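S.K.: sequence unknown, structure follows:
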């Protein structure tokens, strides 16, 4: 995809978000479009920013740090959405505004301790393994209340919500069932005194189903930028 194609793609994606929001009886303004730039060239992110896309998600740490430096616009908000190694929390705590895949108290404690004092609190979402898949990160549903309580008590962090990467499904009803699980978990935490306002759920193949189940942030890469370049470097998601 060329940067010249981005305006039409952004309009198409926003129209799909608005249509799904209308079907759910929601305002499209309640849903944040998080542009996932993993392995995409910088000029595509620049073109997206020119189309008023303000939130960008990165899975590879060094790539994300390089893009933050190259796009220093203060109006942009950067989200780290990849797996987190405990020994790489400092640059994440220093450079990003959001972290979406916290699933261990050790990682949360390090992010809290390493968040600069001059910076606002680091927004955090806890990743939940909604299908108990061994190949994916995330806290088990039964362990979520204890982790949420511990993370909410940490200084320099703001526990905002929950995130998931459900199994790939093609049937919209099955897609919705996984997202409904995460929404229920959020509702249960709030009923017990939590103050969560974010559901980071829905990617290019299922974001409409996620919106129908209450998603407030959809993480879109392919739907926005097209397929990742064929020469994408093979990296660990935590690098």
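M.R.: Ah, there it is. Just so it is clear, the model here is predicted, and its values are computed rather than measured. Residues are numbered from 1 along each chain as shown.
S.K.: low-confidence ranges, this structure, go.
M.R.: 230-239 (pLDDT under 70).
S.K.: at which residues are the helices of it located?
M.R.: Applying DSSP state H to the chain gives helices spanning 6-23, 42-50, 61-70, 89-95, 105-114, 144-152, 172-191, 207-212, 222-225.
S.K.: pick the most deeply packed of the ones you listed.
M.R.: Highest mean neighbour count of the helices of the chain: helix 207-212, a mean of 24 (counted as mean count of other C-beta atoms under 10 Å). (Glycine included, C-beta is placed from N, CA and C.)
S.K.: helices or strands next to that one in the packing?
M.R.: helix 6-23, helix 172-191, strand 217-220 (3 or more C-beta pairs under 8 Å, 6 or more residues apart in numbering; DSSP states H and E).
S.K.: elements contacting the second one?
M.R.: Packing contacts for helix 172-191, counted by 3+ C-beta pairs under 8 Å, 6+ apart, involve helix 144-152, strand 157-163, strand 198-200, helix 207-212.
S.K.: and the angle from it to helix 144-152?
M.R.: Angle between the axes of helix 172-191 and helix 144-152 is 60 degrees (criterion: axes from the mean of the first three to the mean of the last three C-alpha atoms, to 10 degrees).
S.K.: just use 20 as the starting number from now, easier for me
M.R.: OK, 20 is where the count begins now, so the last one is helix 191-210.
S.K.: tell me how far helix 191-210 is from the chain's mean position?
M.R.: 16 Å (C-alpha atoms, centre = their mean, to the nearest Å).
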